[in-house]
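Trainee: Okay, sequence plus prediction incoming.
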Amino acid sequence: MRNILIMLATVLACHAVSGQATLSPEKIASLKEEVLREVDKQAPLAQQINDMLFSFAELGFQEFETQTYLTQLLEKNGFKIQKGIANIPTAWTASWGNGKPVIALGSDVDCIPKASQKPGVAYWDPIVEGAPGHGEGHNSGQALNIVTALVVKKILEREKLSGTLMLWPGIAEEQLGTKAYYIREGFFKNVDACIFTHVGSNFFVSYGDAGSTGLVSVKFDFDGQAAHAGGAPWRGRSALDAVELMNVGWNYKREHLPLTQRSHYVIPDGGDQPNVVPSKASVWYYFRERTYTDIKKLFDTGLKMAEGASLMTDTKFSYQILGSAWPGHFNKPMATAMYQNIKKVGLPKWSDDDQLLAKAAQIELKATKVEGLPVKLDTIGVPDDAKPELKGLIGQSLIPLRGGSDDIADISWNVPTIVLYYPSNIPGLPGHHWSNAISMATPIAHKGIVAGAKVEGLTLIDLFTSPDLVSQSQAYFKDIQTKDIQYTPLMRPEDKPAVFLNKGIMAQFKPQLQKTYYNPAKYKSYLEQLGITYPTVRQDQRDAINKLKESK
């Protein structure tokens, strides 16, 4: 009798998590086929959203046009909008539905400095020279999520299925600037699972620790004493000297740091003019490592460097944390379910023109391989501890790292989370570069978004109709992922979002960019509006591609 009661309690718990009864396999299969058909019908909307955000080209914390456009679109489709969340003016949430499970769909929206580029052109040709541009492809993810949400919303309404959708943007992801604040302010407290989407060059999803880094982004400000640099330099205390000495010290220190660290800096303020001893100067560092403990240790070393530089130059220093991110850990049951859906959808059917543009761009950027767009699916990503481990002479790990960081990791340590990478970019390009914008308002991006929306839609049907998947995902999160590691914010309680970042750059370039904003009422695509023949490829690039064909 006791065993029967335990089994009954387990079943009821599963239903409480999902908020609904399990549908038959035949019904679920029917709903999934409907998702595939309906997403195809939404392809024009996906293209429009993608191209619109591409034309806005807004840097982190300044995504105002993006916010207005997306929230108005979602509000018209029945979503409840909340703007300015976590004291971030361009952040928002859009919610629809009732009850459990609550599934969050997120994607970044910011772009890259100096990455303006005409889409479909296989060589450098900026829309506005020197302006920001989508040199990573963050213009595409919200198009994918919104199309998916509209299709699934229609099904949930008709079938009277319990569940809530919450859409949200990754603001200032390039600064790792906001997602930890979303967590701190409780916006994911009642969320059962999160699907995040990010542009890639193939379909990819992973689980566990995939080898990424976390970081602290911190700006050190030095305060000295101005003086006439020619007439009385002995009366000055150079803040710029302090910046340079800190950087020299750090560059010597690199030799004695673990192989897993990544650290880099820029000097946003080096003084005003040479004949004035700089009284103010600053240096902005990213300190990256593989674990929370090691990130803190690396950051503490940076603080010591700043203190030493301050002592050597008789200046004062202070610091401000501008962003932070944990190393990511992603959910195995959700990733496994999504990968089955990836295999069902498959890669888009690339045209000869798509492949020509991709190969020409790879030749232009001297990619190690000139193979065009992928025609074979990637495998599911497994955690580092499932791979063969290589060690150096003294035990340092030699496994290659994904050296980048993403603050979706902070969400992943608070809610069961996966990241869907979808094929809208060209393989083999540098990343964070104008060339990564070449494909991002072309049929390559549009096809990748539609394929990605199908995968995400199928996975949402799994989550909304399979109580076991939600409960298994939460069990993995509680019993495996967070069993021995608990999330501790890398930022301090007094830290606030750095919403001042990029204001000056956008003030400079927005008037020029506004003249090129996409007008979907007049043009079918941004390519058409810009008068670009797709693809635009030089003859020497065509010749190089033909030579490669002949050599094979």
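Mentor: On my side now, so go ahead.

Trainee: Output stretch 64-76 as PDB - backbone C-alpha positions only.
Mentor: Output of stretch 64-76 as PDB, limited to C-alpha atoms (Å, rounded to 0.1, in the frame of the first residue of the first chain):
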ATOM      1  CA  PHE A  64      16.000  51.300 -28.000                       C
ATOM      2  CA  GLU A  65      14.800  50.900 -31.600                       C
ATOM      3  CA  THR A  66      15.000  47.100 -31.200                       C
ATOM      4  CA  GLN A  67      13.000  47.200 -28.000                       C
ATOM      5  CA  THR A  68      10.300  49.400 -29.400                       C
ATOM      6  CA  TYR A  69       9.900  47.300 -32.600                       C
ATOM      7  CA  LEU A  70       9.900  43.900 -30.800                       C
ATOM      8  CA  THR A  71       7.600  44.800 -27.900                       C
ATOM      9  CA  GLN A  72       5.100  46.400 -30.200                       C
ATOM     10  CA  LEU A  73       5.000  43.300 -32.400                       C
ATOM     11  CA  LEU A  74       4.600  41.000 -29.400                       C
ATOM     12  CA  GLU A  75       1.900  43.300 -27.700                       C
ATOM     13  CA  LYS A  76      -0.100  43.200 -30.900                       C
END
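
Trainee: That one: which residues count as buried?
Mentor: 65, 66, 67, 69, 70, 71, 73, 74 (16 or more other C-beta atoms under 10 Å). Where you see a C-beta, it was placed from the backbone N, CA and C, and this is true even at glycine.

Trainee: what's the answer for stretch 356-367, then?
Mentor: Buried residues in stretch 356-367, counted by 16+ other C-beta under 10 Å: 356, 357, 358, 359, 360, 361, 362, 363, 364, 365, 367.

Trainee: now stretch 216-232
Mentor: 216, 217, 218, 219, 220, 221, 222, 223, 224, 226, 227, 229.

Trainee: ok, what's across the strand from the residue nearest to the fourth one when sequence neighbours are not counted?
Mentor: Take residue 219 and drop its neighbours on the chain: the residue closest to it by C-beta to C-beta, 6 or more residues apart in numbering is residue 284, 4.6 Å away. Note on residue 284: beta-bridge partners residue 219, residue 266, judged by DSSP bridges.

Trainee: Contact partners for residue 284?
Mentor: Going by C-beta atoms under 8 Å, 6 or more residues apart in numbering, residue 284 touches 217, 218, 219, 220, 265, 266, 267, 268, 322.

Trainee: Could you do residue 408 as well?
Mentor: By C-beta under 8 Å, 6+ apart, the neighbours of residue 408 are 106, 170, 179, 196, 198, 328, 417, 419.

Trainee: what's the answer for residue 156, then?
Mentor: Going by C-beta under 8 Å, 6+ apart, residue 156 touches 97, 163, 464.

Trainee: Which is the succeeding secondary structure element to the host helix or strand of it?
Mentor: Applying DSSP states H and E as the criterion places residue 156 in helix 141-159. Once helix 141-159 ends, the next helix or strand along the chain (criterion: DSSP H and E) is strand 163-170.

Trainee: pLDDT of that next one, averaged?
Mentor: The average pLDDT for strand 163-170 rounds to 98.

Trainee: Please apply the same query to stretch 320-332.
Mentor: In this model, stretch 320-332 has an average pLDDT of 96.

Trainee: first vs last residue of that stretch, how far apart are they?
Mentor: One end of stretch 320-332 sits 36 Å from the other (C-alpha to C-alpha, to the nearest Å).

Trainee: re the thing from before, want to throw the contacts of residue 156 into a markdown table with distance to residue 427?
Mentor: Converted to a markdown table, those look like this (distance: C-beta to C-beta, whole Å):
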| residue | distance to residue 427 |
| --- | --- |
| 97 | 37 |
| 163 | 36 |
| 464 | 33 |
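
Trainee: Looking at the residues you listed, spot the one nearest residue 445.
Mentor: Nearest to residue 445 among the contacts of residue 156: residue 464, at 27.7 Å, using C-beta to C-beta.

Trainee: The closest one contacts residue 161, correct?
Mentor: Yes: assessed by C-beta atoms under 8 Å, residue 464 is found in contact with residue 161 at 5.7 Å.

Trainee: Name the residue in the two with the higher neighbour count.
Mentor: residue 464 (29 against 20; other C-beta atoms under 10 Å).

Trainee: Quick check: residue 476 vs residue 418, distance?
Mentor: 11 Å (C-beta to C-beta, to the nearest Å).

Trainee: Show the contacting residues for residue 411.
Mentor: Residue 411 makes contacts with 104, 106, 179, 182, 183, 188, 194, 196, 417, as judged by C-beta under 8 Å, 6+ apart.

Trainee: how does it look with 7 Å?
Mentor: 179, 183, 188, 194, 417 (C-beta atoms under 7 Å, 6 or more residues apart in numbering).

Trainee: So which residues of the stretch 451-552 of the chain form strands?
Mentor: Using DSSP state E, counting those that start in this stretch, no strands are assigned anywhere in the stretch 451-552 of the chain.

Trainee: nope, the stretch 101-250 of the chain is what I was after
Mentor: Under DSSP E, counting those that start in this stretch, the stretch 101-250 of the chain gives strands at 102-108, 163-170, 193-200, 214-223.

Trainee: Now distance to residue 441 too, for those, in CSV please.
Mentor: Shown next, in CSV, are the strands of the stretch 101-250 of the chain (distance: least, C-beta to C-beta, whole Å):
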stretch, distance to residue 441
strand 102-108, 16
strand 163-170, 19
strand 193-200, 12
strand 214-223, 29
